[in-house]
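Participant: Any chance you could fold what I've pasted below:
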Amino acid sequence: MEPHSALFVPDNDALIFYRAIAEFGKDHLNRDGVAYAEIHEDLGEPVSHLFKANGYITEIKTDMQGKERMLKAKFE
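Facilitator: Predicted structure coming up:
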């Protein structure tokens, strides 16, 4: 169970914070700059697609249990 201080999103927009990170990075990262994000194990492909649509090259990383839990996004 997540603590009450964890970030929760509206059920209708699970990607709201990832979208904000991708947009922020477009304005604040240098070319070839990299952003990393922890992701929910069921959202790897949607989050990756969102970053790709914003000009990033992405790579999904797995945790020690083999679950997709990290996104590496390099801004092109």
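
Participant: Quick one: neighbours of Asp32, just the number.
Facilitator: Around Asp32 there are 9 other residues, counting by other C-beta atoms under 10 Å. Every residue, glycine included, has its C-beta placed from N, CA and C.

Participant: Quick one: name whatever helix or strand follows the helix ranked longest in the chain.
Facilitator: If you go by DSSP state H, the chain has its longest helix at helix 16-28. Tracing the chain past helix 16-28, the next element assigned as helix or strand by DSSP states H and E is strand 34-38.

Participant: Mind listing what's buried along that following strand?
Facilitator: Across strand 34-38, burial judged by 16 or more other C-beta atoms under 10 Å covers Ala35, Ala37.

Participant: Kindly report the same for stretch 60-70.
Facilitator: For stretch 60-70, burial by neighbour count (16+ other C-beta under 10 Å) applies to Glu68, Arg69.

Participant: Residues touching that stretch, excluding its own?
Facilitator: With contacts defined as C-beta atoms under 8 Å, 6 or more residues apart in numbering, stretch 60-70 is touched by Tyr36, Ala37, Glu38, Ile39, His40, Glu41, Gly44, Glu45, Ser48, Leu71, Lys72.
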